[in-house]
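Student: Build me a model:
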Amino acid sequence: MNILNQITSSTLIIGVDIAKFKHVARAQDYRGVEFGKAITFENDREGFELFVSWFRKIATEQGFQDVIVGMETTDHYWLNLAHFVKEQHVTPIS
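Tutor: Modelled structure (predicted):
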């Protein structure tokens, strides 16, 4: 299925800038309206849990039903985050 077909007005879109040690994420809707402030989190389980908690809080507060996490496939640094997000039943897009 085309990613654009998965995005609706009820979808929170998370964009993640992947790096070796710390990632940065922003949240927005399909129109590009940003929610909350960008978050910086470590490339480890504790950081991933913080990240998921951050976007779930935004989704709940703003009434989003779905979340899509998009990330760049920088070297291999994105793989652990993608697997963790998938375990949380959230769609990772690379």
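Student: those helices in this protein, which residues are they?
Tutor: In the chain, the helices defined using DSSP state H lie at 3-6, 45-62, 79-87.
Student: got CSV for those helices, with mean neighbour count and mean pLDDT too?
Tutor: Where C-beta positions appear, they are placed from N, C-alpha and C, glycine not excepted. Output for the helices of the chain, formatted as CSV (neighbours: other C-beta atoms under 10 Å; pLDDT from 0 to 100):
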stretch, mean neighbour count, mean pLDDT
helix 3-6, 10, 66
helix 45-62, 16, 97
helix 79-87, 16, 93
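Student: Columns distance to Phe21 on top of these, output as a markdown table?
Tutor: What follows is the helices of the chain, written out as a markdown table (distance: least, C-beta to C-beta, whole Å):
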| stretch | distance to Phe21 |
| --- | --- |
| helix 3-6 | 28 |
| helix 45-62 | 9 |
| helix 79-87 | 12 |
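Student: Would you mind saying which of those helices lies nearest Ile93?
Tutor: Ile93 lies closest to helix 3-6 among those, at 5.7 Å (C-beta to C-beta).
Student: What is the burial count for Gly32?
Tutor: Counted with other C-beta atoms under 10 Å, the neighbours of Gly32 add up to 7.
Student: Can you read off the pLDDT for it?
Tutor: Listed pLDDT for Gly32 reads 94.
Student: got a list of what Thr74 touches?
Tutor: By C-beta atoms under 8 Å, 6 or more residues apart in numbering, the contact set of Thr74 is 18-19.
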